[in-house]
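Trainee: need a 3D model of the sequence below.
(one chain, ligands or ions: 1)
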Amino acid sequence: MKENLHLESNCIHGTYRAASGEPQTLPIAQSTTYRYYDSADVAKLFDLDSADHMYSRISNPTVNALEEKMALLEGGTAAVCTSSGQAASLTACLNICTAGDHILCSSNVYGGTSNLLGVSLKKLGIETTFLTADLTREQILAEARPNTKLIFGETLGNPALSVLDFEKYSSVAKELNIPFIVDNTLATPYLCRPLEHGANIVVHSTTKYSDGHALAVGGCVIDGGNFDWRAAGKYPGLCEPDESYHGLVYVEKFPACPFALKLRAQLLRDFGCTMSPMNAFLTHLGLETLHLRMERHVKNAQILAEYLAASPYVDWVFYPGLSDNPYYELGKKYMPLGAGGVLTFGIKGGLAAGNEFVKQLKLVSLAVHVGDIRSCVLHPSSTTHRQLSEAEQIAAGIKPELIRVSVGCENIEDIVADFEQALKAAAK
Ligand SMILES: *Cc1c(COP(=O)(O)O)cnc(C)c1O
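Mentor: Numbering: from 1, shown residues only. Just a heads-up that it's a prediction; the model follows:
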């Protein structure tokens, strides 16, 4: 029955169904541990022969409900929640990469991701080649090495706002027999479902639109169940016996979702980057209105983008929903319901006017965040991307005068009025 429901209904209901007389809403299982009466039952947990819970570092009923909802919304076979979006990207990579391996990654990814791959994973012996959006399929293939283990992209780059060319990336992945991992944080499954466009694994920072209320940091890794690890022949961790679980082989024991099971059984167990039950409860609650919020976010963002494009105080506006944007066609193809809730613009008067504009805003807040119901702005060049050189910033799509706007769910007339008064004040 679940499969036949629309995304909106799945946002509200997920897979949680109360039995007769049980709570209508998802309860919080605020417990680190689980009671058993027979050691034989506990033994089954340690052999991964039971889906019951052992210890909340590895699984928890409330976290499981969120995982099932995320898998349902993205169309995957299973999901694992993590303590943050960074932990989701980290564990997705480390689940199949070890020292000596190589990653291909879009250069338009989130700053935290480019730092994780380009700096921190490099220290662990995993090298990444970053791919600019103009590279052709053949040029990307030429960057591949025998030890390339995955290709990583972001549906809607934060804050480059590039729309990923799914066809190009998925065809490279197929040619190289490697999984295609997509960060779908900014698009959300309401606007785009990467697994329908050739992705094999989806990662999220649930901190953004999934939560939607700026309450809980979290992440999620969704297994598409659509990659043949054995045929690829270079993923021993999934295809050879895991001695820490009595020699079980993930692709044999869990053929529908070996990636998710291994990530939970090994990486959550050993690295401990677990989501708390309380944060899972809050995020699950946020998802109940994802479809309503995204509908409003994209509508408001489109109107604000058009307003700014016509404003005499504004130099340029970047939003894939504007017909002169370089990603307009890709946006229509992969995100037909709207180009997301984030836009960027450059104010006339550059850096100084930008700083003054941010100071003058009254309703809209200055915050290091996107995806909140409250509209907020940020100057990435002096904040989130300050660790990059100017050349690297420009390669990542960040101009020095760029202001990122996460358009909220307020009445659009109030948002526009606040922008108007702040733009006027900054121009004085
Ligand atoms: C915020 C963000 C992340 C990192 O997520 P955290 O929850 O902050 O760790 C990863 N990818 C994208 C696209 C993001 O916006």
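
Trainee: surely L94 touches D270?
Mentor: No: counting by C-beta atoms under 8 Å, L94 sits too far from D270 to count as a contact (9.8 Å). C-betas here are computed from N, CA, C, even on glycine.

Trainee: and the two? which has more neighbours close in?
Mentor: L94 (19 against 11; other C-beta atoms under 10 Å).

Trainee: what's the nearest residue to the more buried one if we skip its chain neighbours?
Mentor: The shortest distance from L94 to any residue other than its chain neighbours is 6.3 Å, reached at L267 (C-beta to C-beta, 6 or more residues apart in numbering).

Trainee: how about the lowest-mean-pLDDT helix or strand in the chain as CSV, C-alpha atoms only?
Mentor: One helix or strand of the chain scores below all others by mean pLDDT, DSSP states H and E: helix 390-395, with a mean of 78. Provided in CSV are the C-alpha atoms of helix 390-395 (Å, rounded to 0.1, in the frame of the first residue of the first chain):
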residue,chain,number,x,y,z
GLU,A,390,40.1,33.5,-4.1
ALA,A,391,40.9,31.2,-7.1
GLU,A,392,39.5,28.2,-5.3
GLN,A,393,36.4,30.3,-4.3
ILE,A,394,35.8,31.2,-7.9
ALA,A,395,36.3,27.6,-9.0
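
Trainee: and the next helix or strand past it?
Mentor: strand 402-406 (DSSP states H and E).

Trainee: for the ligand, what's its nearest residue on this protein.
Mentor: Proximity of the chain to the ligand (C-beta to the nearest ligand atom) peaks at G85, 2.2 Å away.

Trainee: need the per-residue pLDDT for that residue.
Mentor: On the pLDDT scale, G85 is placed at 98.

Trainee: likewise for L261?
Mentor: Per-residue pLDDT puts L261 at 98.

Trainee: what about the residue nearest to L94, how many neighbours?
Mentor: Residues within reach of L267, counting by other C-beta under 10 Å, total 20.

Trainee: how about the contacts made by it?
Mentor: Applying C-beta atoms under 8 Å, 6 or more residues apart in numbering, we find L267 in contact with T91, L94, N95, C273.

Trainee: so which of those residues is the most crowded?
Mentor: N95 (27 neighbours).

Trainee: is it correct that that residue is in contact with W229?
Mentor: No: look at N95 against W229 with C-beta under 8 Å: they stay out of range, at 10.8 Å.

Trainee: in the longest helix along the chain, what's buried?
Mentor: As assigned by DSSP state H, the longest helix anywhere in the chain is helix 290-309. Neighbour-count burial for helix 290-309, with 16 or more other C-beta atoms under 10 Å as criterion, is recorded at 290-291, 293-298, 300-305, 307-309.
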